[in-house]
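J.: any chance you can model this:
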Amino acid sequence: MESFLDGTLALFGSYHATLIFFLGLVGGMLFGAIPGVNMLTLGAVLLPFTASMNPTEAVMMFSVIYCAGVFGGAITAILFNIPGAPENAPTCFDGYPMTQKGQAGKAIGAAVMCSAIGGVASAILMMTATGAIASFAIRAFGPQEIFALIFFGLAVSASIGAQTLWKGWLSVFVGLLIATIGTDPVAGIPRFNEGSIFGWEYSSYYLSAGIHFIPLILGFFAVSEVLSQSVSISKGTRERPKASLDFPSLSEFWQVRFTMIRSIFIGFFSGVLPGIGATLAAFLGYSQAQRWSKNRANFGKGELEGVVASETANNAATGAAMIPLLALGLPGGALTAMIMGIFQIHGMEPGPLIFINSHDLVWVTFAAMFWANVAIIGLGWLQTKTVVHILRIPFRWLAPGILILATVGAYGLRNLMIDVWVMFIAGVLGYLIKTTGYSAAGIVLGLILGELGESAFAKSMQLMDFDPMGFFNRPIAAVLLGLGILAIITSVISEIRGTEVQKALMD
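T.: Residues are numbered from 1 along each chain as shown. Okay, the predicted model is just below:
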């Protein structure tokens, strides 16, 4: 407790540090909420300037950006069906339908409170158990366990956003197939960067780097939503959403208290594992909320519990992601890798000795993440009172701005025109997917986890002398694989029974 108070005093004890804290907070929220850019864009711009900063303030600033950026992405997900980052994709499923029903304020209010609650809980766990949790994670979780966890995540999340289980699985398989484009993680051989499609020969050096998930997200959500709204306007069927400012009541939060608690543990568990992070946490949190909810039939139609589950889980992963970085020197994602770069710029190496050699830096970081999540409540409330008025702007003015920002975001990712083409192709396919009941989120999930899963699987097979039964010799991997298989079997049985009931009712 004394160390936390010292960190807080260091954070707010000087005008300069306090200014950096609030600039990081506002910058993370704004960049997270702008379609086409995200907190990684802000981090990449600011990283070179950290060389001239105090290392404590530099690490603190990026930690605050991390917390605020994960929350900021929920704003556009709820208002425009455009997730600011992959971890905000499940928020679209119920957040945007709530906006269409005139409940945008309630959805954003839920995102504000749950982001803060998930982040604060994660920060407290991070402060109290960093060393022990990191030590356990590195001993118990190798490539086999990482692969098993990814398999489990895909098994329980496959049908999210899809009309049927089969369409959900097909969407995930398409994402997994797209993930194979690029370079083989073992042999380093380019795959699918040349060939022919319907007799048309193609060859692209740039495909050796693979298909990035950001252009796909922008296409599936931003461009496809513009197309969908444009079609509705042309048919005269579009109704402008109402700019509601109502917050959820305390009784509504109390009704979903178990969902929040469950999502906090899911987010923390996912975040503490290097490379897994907030994306899987959000999908797992949402899928488990749907599985155990009394209102599961309302999910995807504007259910508050869906917003609560995904936003609690993805923010609970932020503090957890700092544990392997600080305790073991293992970054869990892109932004934590930038934070590791800050340590190296200033001649420090994160790891067990960081708690001895840079004790003050660590506790300022802990305090900054705690207070950043607390501050989200206040700033989020002010943001909600203003940002929902964007819905009053005619869509014919919003659409060009969304497309311009999305195009800039896709091109600026790697400065490749192929990413822009991928975005627009994904936009057209995303519009068709919406009308046929398949899941754009499933494709994105398959792409993101497919790359991680293939790498983990290849490493696992090498460690096990290419004996697949070796997975079941490791208790945690065996349990996760068993639960994944059980989830698939129960989902298939439930789907078949549901189909039979529907046929009986029709007869």
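
J.: helices and strands of this structure: which one has the lowest mean pLDDT?
T.: strand 200-203 (a mean of 62; mean pLDDT, DSSP states H and E).

J.: let me see the contact set for the residue nearest the centre of the chain.
T.: With distances taken as CA atoms, centre = their mean, residue 87 lies nearest the centre of the chain, 1.2 Å away. Counting by CB atoms under 8 Å, 6 or more residues apart in numbering, residue 87 touches 70, 73, 277-279, 281-282, 310, 314, 317. Using the backbone N, CA and C atoms, a C-beta is placed for each residue, glycine as well.

J.: let's see it at 10 Å
T.: Taking CB atoms under 10 Å, 6 or more residues apart in numbering, we find residue 87 in contact with 69-70, 73-74, 77, 267, 270, 277-283, 285, 310-311, 313-315, 317-318, 333, 448.

J.: assign the closest residue in space to residue 119 that isn't next to it in sequence to helix, strand or coil.
T.: For residue 119, ignoring the flanking residues on the chain, the nearest one in space by CB to CB, 6 or more residues apart in numbering is residue 373 at 3.2 Å. Three-state call for residue 373 (DSSP: H, G, I helix; E, B strand; the rest coil): helix.

J.: the residue nearest to the centre of the chain and residue 80: what is the separation?
T.: 17 Å (CB to CB, to the nearest Å).

J.: remind me, longest helix of the protein?
T.: Longest helix in the chain by number of residues, with DSSP state H as the criterion: helix 104-140.

J.: and that helix, how far from the chain's centre?
T.: Put simply, helix 104-140 sits 14 Å off its chain's centre (CA atoms, centre = their mean, to the nearest Å).

J.: count the residues that sit near residue 394.
T.: 9 (other CB atoms under 10 Å).

J.: likewise residue 143?
T.: The tally of other residues near residue 143 (other CB under 10 Å) stands at 18.

J.: so what does it look like in phi/psi?
T.: Backbone torsions for residue 143, taken as degrees, to the nearest 10, come to phi -60, psi -40.

J.: contacting residues around it?
T.: When contacts are counted by CB under 10 Å, 6+ apart, residue 143 touches 455-464, 477.

J.: which among these count as buried?
T.: If you count burial by 16 or more other CB atoms under 10 Å, the buried members of the contacts of residue 143 come out as 455-461, 464, 477.

J.: out of those, which is nearest to residue 181?
T.: Among these, residue 455 lies closest to residue 181 (CB to CB), at 14.7 Å.

J.: all strands for the chain, in order.
T.: In the chain, the strands defined using DSSP state E lie at 182-183, 190-191, 194-197, 200-203.

J.: partners of the first one in the sheet?
T.: With DSSP bridges as the test, strand 182-183 is paired with strand 190-191 (antiparallel).

J.: how far does the strand it pairs with sit from the chain's center?
T.: 27 Å.

J.: need the residues that contact it.
T.: Contacts to strand 190-191, defined as CB under 10 Å, 6+ apart, come from residues 180-184, 204-205, 207-210.

J.: how about 6 Å then?
T.: Here strand 190-191 makes contact (CB atoms under 6 Å, 6 or more residues apart in numbering) with 180, 183-184, 208.

J.: still on that earlier bit, narrow the buried ones among the contacts of residue 143 to those in helices?
T.: 455-461, 477.

J.: mind putting those residues into JSON lines with distance to residue 22 and pLDDT?
T.: Shown next, in JSON lines, are these (distance: CB to CB, whole Å; pLDDT from 0 to 100):
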{"residue": "455", "distance to residue 22": "38", "pLDDT": "85"}
{"residue": "456", "distance to residue 22": "39", "pLDDT": "86"}
{"residue": "457", "distance to residue 22": "44", "pLDDT": "90"}
{"residue": "458", "distance to residue 22": "44", "pLDDT": "89"}
{"residue": "459", "distance to residue 22": "42", "pLDDT": "88"}
{"residue": "460", "distance to residue 22": "45", "pLDDT": "90"}
{"residue": "461", "distance to residue 22": "49", "pLDDT": "90"}
{"residue": "477", "distance to residue 22": "44", "pLDDT": "89"}
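
J.: could you export stretch 174-190 as CSV, CA atoms only?
T.: This file holds the C-alpha atoms of stretch 174-190, laid out as CSV (Å, rounded to 0.1, in the frame of the first residue of the first chain):
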residue,chain,number,x,y,z
VAL,A,174,-12.1,-18.8,-43.9
GLY,A,175,-10.2,-16.6,-41.4
LEU,A,176,-7.8,-19.5,-40.7
LEU,A,177,-7.3,-20.0,-44.4
ILE,A,178,-6.5,-16.3,-44.9
ALA,A,179,-4.0,-16.6,-42.0
THR,A,180,-2.0,-19.0,-44.1
ILE,A,181,-1.2,-16.4,-46.7
GLY,A,182,2.3,-15.1,-46.1
THR,A,183,5.4,-16.8,-44.9
ASP,A,184,5.6,-20.2,-43.3
PRO,A,185,6.6,-19.7,-39.6
VAL,A,186,8.8,-22.8,-39.6
ALA,A,187,10.5,-23.0,-43.1
GLY,A,188,10.2,-19.4,-44.0
ILE,A,189,8.7,-20.3,-47.4
PRO,A,190,6.3,-17.8,-49.0
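
J.: what residues of that stretch count as buried?
T.: Using 16+ other CB under 10 Å as the burial criterion, the residues of stretch 174-190 that qualify are 174-176, 178-179, 181-182, 190.

J.: let me have the residues you listed in TSV, adding pLDDT and distance to residue 343 as columns.
T.: Shown next, in TSV, are the buried residues of stretch 174-190 (pLDDT from 0 to 100; distance: CB to CB, whole Å):
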residue	pLDDT	distance to residue 343
174	91	39
175	89	34
176	90	35
178	90	34
179	88	31
181	87	33
182	83	29
190	80	34
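
J.: need the residues you listed in TSV (columns: distance to residue 353).
T.: As requested, the buried residues of stretch 174-190 are arranged in TSV below (distance: CB to CB, whole Å):
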residue	distance to residue 353
174	46
175	40
176	40
178	41
179	37
181	41
182	37
190	41
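
J.: now, which of those residues sits nearest residue 473?
T.: Of all the buried residues of stretch 174-190, residue 176 has the smallest distance to residue 473: 25.6 Å, by CB to CB.

J.: and that closest one, what does it touch?
T.: Counting by CB under 6 Å, 6+ apart, residue 176 has contacts 446, 450.

J.: could you do residue 220 as well?
T.: For residue 220, the contact set (CB under 6 Å, 6+ apart) comprises 426, 430, 440.

J.: who touches the first one in this structure?
T.: Applying CB under 6 Å, 6+ apart, one finds that residue 426 lies in contact with 216, 219-220.

J.: contacting residues for residue 269?
T.: Contacts of residue 269 by CB under 6 Å, 6+ apart: none found.

J.: and if we set it to 8 Å?
T.: 281, 320.

J.: can you redo the contacts of residue 220 as JSON lines with distance to residue 194 and pLDDT?
T.: Converted to JSON lines, the contacts of residue 220 look like this (distance: CB to CB, whole Å; pLDDT from 0 to 100):
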{"residue": "426", "distance to residue 194": "21", "pLDDT": "90"}
{"residue": "430", "distance to residue 194": "26", "pLDDT": "87"}
{"residue": "440", "distance to residue 194": "27", "pLDDT": "83"}
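
J.: in helices only, show me those residues.
T.: 426, 430, 440.

J.: and for the second one, nearest residue in space, chain neighbours not counted?
T.: Taking CB to CB, 6+ apart as the measure, residue 430 lies nearest to residue 224, with 3.1 Å between them; neighbours along the chain are not counted.

J.: that neighbour contacts residue 431, doesn't it?
T.: Yes: at 4.4 Å, residue 224 counts as touching residue 431 under the criterion of CB atoms under 8 Å.

J.: one step back: and the longest helix of the chain, what other elements does it pack with?
T.: Secondary-structure packing of helix 104-140 (3 or more CB pairs under 8 Å, 6 or more residues apart in numbering; DSSP states H and E): helix 55-80, helix 89-100, helix 257-271, helix 304-328, helix 359-387.
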